[in-house]
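Chemist: Have a look at this fold, sequence not included:
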DNA sequence: TGCAGCCTACTGGTCCGACCAGTGCACTAG
DNA sequence: CTAGTGCACTGGTCGGACCAGTAGGCTGCA
């Protein structure tokens, strides 16, 4: 405990310093979404580096979802409004490289979505309640299965929004799309879609009623159960107990 | 429904195709962690592109946490074992750009960590239980506050691991470090650290007892309460009700 | 005067060739 | 057999060049 703790002097590469500066400008708000970066040739003057270096920095910024460049655009790279695209990308990579199982993903959804329902039951506005109602209505009227799924997603999205927690909203969105991507082909081949759709609507109506009544714990429990019923068939039998552990 | 749906022909850039191929090789497992990519000069031959293009592709892959290159390394870029570093980076960016509040982050932790406790109570092994016990023991023996926090983290990490869900484990880890980063300076200036530490140890012992007894719901509730007690002071008073909404 | 169409200046994407500091390995000298 | 040295090669950076594409100003026609 004690002496001067020296930081290791990491050899910081030129393009990294460019990335840091631009990133800082964006995150601090001095560069807002929609605004433009100077052109690459202008940037290489401002940073006193070569164009290769500028371009490598821009590639990194682009990979992080902060910036987009179009060929021929005379205004330079565009600062993007925040999107969870980068988060989505790294979580998708995660799912493949870390070998996340469908069970783990579904379990994660059960946790997040049920918490969203819990919070939504307490914090939702009347407008959001109407939106949920409308989504369920559109689910009932959906012409085909794709439209049905789209409205299903819309419902969950309103609930997540009503939770008042942007992180929950973003993560449910990201994980949901990964899960749907994993089982979309199996889902398309499901034997009796009408029955599944009818049951799903019923579940959503129950959740909606609980949210309307302000009963958070009930809404959370119903959400977990609905999700289990919907996805359990696609999860290997050996991993289902882990899911049921969330059902009490 | 309807006629042939043509995909828009996006002008795919050369470096993107390089990224895709390498990414595919890594995610499919034909390129394992620890293995090396060919040198940049070799890659430009294999892909029939210039070195600039190869380098831009490598920058993207590096930003995604899939590879790392060191100057002078005669073996080429190294394929990295999975780390949540990329996820961490994009979530940190998220926290700044999407203006996530401390309240939202803490709320997210309350949700995830309490679910981890819930699952751990049912799924933990005896070895993991012993690890938790050891961590609490080391918390009690911690010489200074830094060591204390480190053991606190270790405890939560074992619990997350015991949940059996890698995604929960990774996300708790990422969000925890973001939260700690946000309040570390305030925490260091806390008036009475000994009292806080004593209370924290007490909370952890209660959670541990519930996990040991296999009482998931209790462990989950205690985890939420402990986290609220620990962080509420740093959250603006106006946002605390949203946190208390999780306490029933 | 108003608008359609062309022109130009500039953009990003890609390529090439060059230099440098650093690394690991093989070879050499002791 | 080991310690030390050189070399071949690496990634990082630079500069210059060409191309296809875009936007906006300009021209010329109606």
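Modeler: Received the coordinates, thanks. Computed from a predicted model, the values in this text were never measured in an experiment.
Chemist: And the residue of chain A found nearest DNA strand C, its phi and psi?
Modeler: For chain A, the residue closest to DNA strand C is residue A:39, as judged by C-beta to the nearest atom of the strand, at 3.2 Å. For the C-beta atoms, the positions are set from N, CA and C on the backbone; glycine is no exception. Taking degrees, to the nearest 10, you get phi -70, psi 160 for the backbone angles of residue A:39.
Chemist: count of neighbours near it?
Modeler: 16 (other C-beta atoms under 10 Å in any protein chain shown).
Chemist: go on, residue A:88?
Modeler: 18.
Chemist: Quick check: nearest residue in space to it, chain neighbours excluded?
Modeler: residue A:174 (4.8 Å; C-beta to C-beta, 6 or more residues apart in numbering or on different chains).
Chemist: Residue A:22 now?
Modeler: residue A:61 (5.9 Å).
Chemist: So for the strand or helix carrying that neighbour, what gets flagged as buried?
Modeler: Per DSSP states H and E, residue A:61 falls inside helix A:51-63. Across helix A:51-63, burial judged by 16 or more other C-beta atoms under 10 Å in any protein chain shown covers A:52, A:53, A:54, A:55, A:56, A:57, A:58, A:59, A:60, A:61, A:62, A:63.
Chemist: how about TSV for those, with distance to DNA strand C added?
Modeler: Listed next are the buried residues of helix A:51-63 as TSV, based on distance: C-beta to the nearest atom of the strand, whole Å:
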residue	distance to DNA strand C
A:52	6
A:53	11
A:54	9
A:55	6
A:56	10
A:57	11
A:58	7
A:59	8
A:60	13
A:61	11
A:62	8
A:63	12
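Chemist: Any chance of a markdown table for those residues, columns pLDDT and distance to DNA strand D?
Modeler: Output for the buried residues of helix A:51-63, formatted as a markdown table (pLDDT from 0 to 100; distance: C-beta to the nearest atom of the strand, whole Å):
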| residue | pLDDT | distance to DNA strand D |
| --- | --- | --- |
| A:52 | 97 | 4 |
| A:53 | 97 | 3 |
| A:54 | 97 | 8 |
| A:55 | 97 | 9 |
| A:56 | 97 | 6 |
| A:57 | 97 | 9 |
| A:58 | 97 | 13 |
| A:59 | 97 | 12 |
| A:60 | 97 | 11 |
| A:61 | 96 | 14 |
| A:62 | 96 | 17 |
| A:63 | 94 | 15 |
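Chemist: Tell me who's in contact with the most centrally placed residue in chain A.
Modeler: The centre of chain A sits closest to residue A:174, judged by C-alpha atoms, centre = their mean, with a distance of 2.6 Å. With contact taken as C-beta atoms under 8 Å, 6 or more residues apart in numbering or on different chains, residue A:174 is in contact with A:84, A:87, A:88, A:91.
Chemist: just checking, residue A:159 touches residue A:131?
Modeler: No: judged on C-beta atoms under 8 Å, residue A:159 makes no contact with residue A:131 at a distance of 9.4 Å.
Chemist: higher neighbour count, the two?
Modeler: residue A:159 (31 against 19).
Chemist: tell me the contacts of the more buried one?
Modeler: A:113, A:116, A:117, A:120, A:132, A:207, A:211.
Chemist: Show me how the record splits chain A into domains.
Modeler: Listed by automatic domain parsing, the domain ranges of chain A are A:14-79, A:85-247.
Chemist: which of these is buried the deepest?
Modeler: Across these, averaging neighbours per residue (mean count of other C-beta atoms under 10 Å in any protein chain shown) puts domain A:85-247 on top, at a mean of 19.
Chemist: helices and strands around the helix or strand of chain A with the lowest mean pLDDT, which ones?
Modeler: Ranking every helix and strand in chain A by mean pLDDT, DSSP states H and E puts helix A:85-97 at the bottom, with a mean of 85. Counting contacts by 3 or more C-beta pairs under 8 Å, 6 or more residues apart in numbering or on different chains; DSSP states H and E, helix A:85-97 is packed against helix A:166-188, helix B:14-27, helix B:85-97.
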